[in-house]
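# give me a model of this one.
(one chain, ligands or ions: 1)
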Amino acid sequence: MVTWQLCELTGVYCLLIVTAQLLKKLGCVRDEQFEGVLNKISQEVDRRKHLGVTSAQRAAAIKDIYRPLHPHVYHLQESYLASEFKQIVEYCQSDSATEEGLLGLLEEQVAPRVYRFPLFDKSFCEDLMEELKHFEQSAAPKGRPNTMNQYGILLNELGFDEHFITPLREQYLLPLTSLLYPDCGGCCLDSHKAFVVKYDMNEDLDLSYHYDNAEVTLNVSLGKEFTEGNLYFGDMRQVPVSETECSEVEHRVTEGLLHRGQHMHGALPISSGQRWNLIIWMRASQERNKQCPMCNRTPTLVEAEGFADGFTKHSDPPQNISCALT
Ligand SMILES: [Fe+2]
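Below you'll find the model as predicted:
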């Protein structure tokens, strides 16, 4: 399959201008200070340019080396899903489904258009975490889920896409997002990036305020035991932080939270235990082809591997394209 990503040069120039202005404001004025930052940016751009290839190499090595502990968790089955969730999906698929009717079945949070609902069965979450821990302790190569989370697992490299994440998105999540987020590409989500992030007392405790490289995000708390660590939501990313008030949303084990990818959010520190979250960044090429949600520019595309960043060429059927700045 031919895949694409955004032209690096456009993004780099944009980033350099912003960085120079920001650094000056923060008192970084000496040439060597600025050069140090440029070097780091250049290394990061290089890493991102080769991300698709290195990820495909890791996936091939994992397939070769790694023997799953619970092979069944790689294939989505109805029994893994909470009965409440199956009822919600059934409602969304009915001819009479409306957004208003669906809202009556979901738990809306204080943060606008953030919804929580039971998603998985507890024993499935336990099996999945055991599987992920087993992988973590194996000798197989591991990539970082994104630039913000240090600890976690890229689920596509481990082989979860084809029989788990894609059917979950297409058959179960799309009926909900079509009604909840039609204005943000919720009715045409055609690719995703899925990963698990881990918070632990000796590792990452929290996550800074950010927006996702997604049109719609699903965030599921898989366990284990933890205290505190609520999520918080502000406004859409176009709104200045100085004009933003944040609201806290509790994350409950086995439950999923849906929100718009461009809705600014973060995670407060856990105060004990360990937390695993399944994150699915769902993308709508129809939306992002018009404007990259990470750098606000019209994408200039280069080939990439896998789902990449979910861009497609307008004339082609859905393919996979990525943006170098994400
Ligand atoms: Fe996020």
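# please count neighbours and contacts with C-alpha atoms only from this point.
OK.
# pull the number of nearby residues for N202.
8 (other Cα atoms under 10 Å).
# for the stretch 1-150 of the chain, which segments count as strands?
All strands of the stretch 1-150 of the chain, identified by DSSP state E, counting those that start in this stretch, fall at 3-6, 107-108, 115-118.
# most centrally placed residue in this protein?
Closest residue to the average C-alpha location of the chain: W281 at 3.2 Å, with Cα atoms, centre = their mean.
# ok but that one is inside a strand, no?
Yes - using DSSP: H, G, I helix; E, B strand; the rest coil, the assignment for W281 is a strand.
# from L173, how far out is it?
From W281 over to L173 the distance is 12 Å, taken as Cα to Cα, to the nearest Å.
# was I right to think the residue nearest to the centre of the chain contacts E215?
Yes - W281 lies in contact with E215 (Cα atoms under 8 Å); the separation is 7.4 Å.
# any shared contact partners between the two?
By the contact definition Cα atoms under 8 Å, 6 or more residues apart in numbering, W281 and E215 are jointly contacted by G261.
# report the beta-bridge partners for the residue nearest to the centre of the chain.
Per DSSP bridges, the residues bridged to W281 are K193, T217.
# for it, give me its contacts.
H192, K193, A194, D212, N213, A214, E215, V216, T217, L218, G261.
# between those residues, which sits nearest Y91?
L218 (19.2 Å; Cα to Cα).
# how many neighbouring residues does that closest one have?
L218: 22 neighbours (other Cα under 10 Å).
# how about L257?
23.
# ditto for the one 4 residues further on
G261 is flanked by 23 other residues according to other Cα under 10 Å.
# correct me if wrong: it contacts L218.
No - applying Cα under 8 Å, one finds G261 not in contact with L218, separated by 9.1 Å.
# please report phi then psi for the residue of the chain most remote from its centre.
Going by Cα atoms, centre = their mean, the residue of the chain most distant from its centre is R30, 37.0 Å out. Backbone torsions for R30, taken as degrees, to the nearest 10, come to phi -80, psi 150.
# quick check: end-to-end length of stretch 222-229?
14 Å.
# list the buried residues for it?
Buried residues in stretch 222-229, defined by neighbour count with 16 or more other Cα atoms under 10 Å: L222, G223, F226, G229.
# what residues are up against the nearest residue to S191 once chain neighbours are set aside?
Spatial nearest neighbour of S191, chain neighbours left out: R283 (5.3 Å); criterion: Cα to Cα, 6 or more residues apart in numbering. Each residue near R283 by Cα under 8 Å, 6+ apart is listed here: G185, L189, D190, S191, H192, A214, E215, V216, D309, G310.
# of those residues, which belong to strands?
Counting by DSSP state E, these place S191, H192, V216 in strands.
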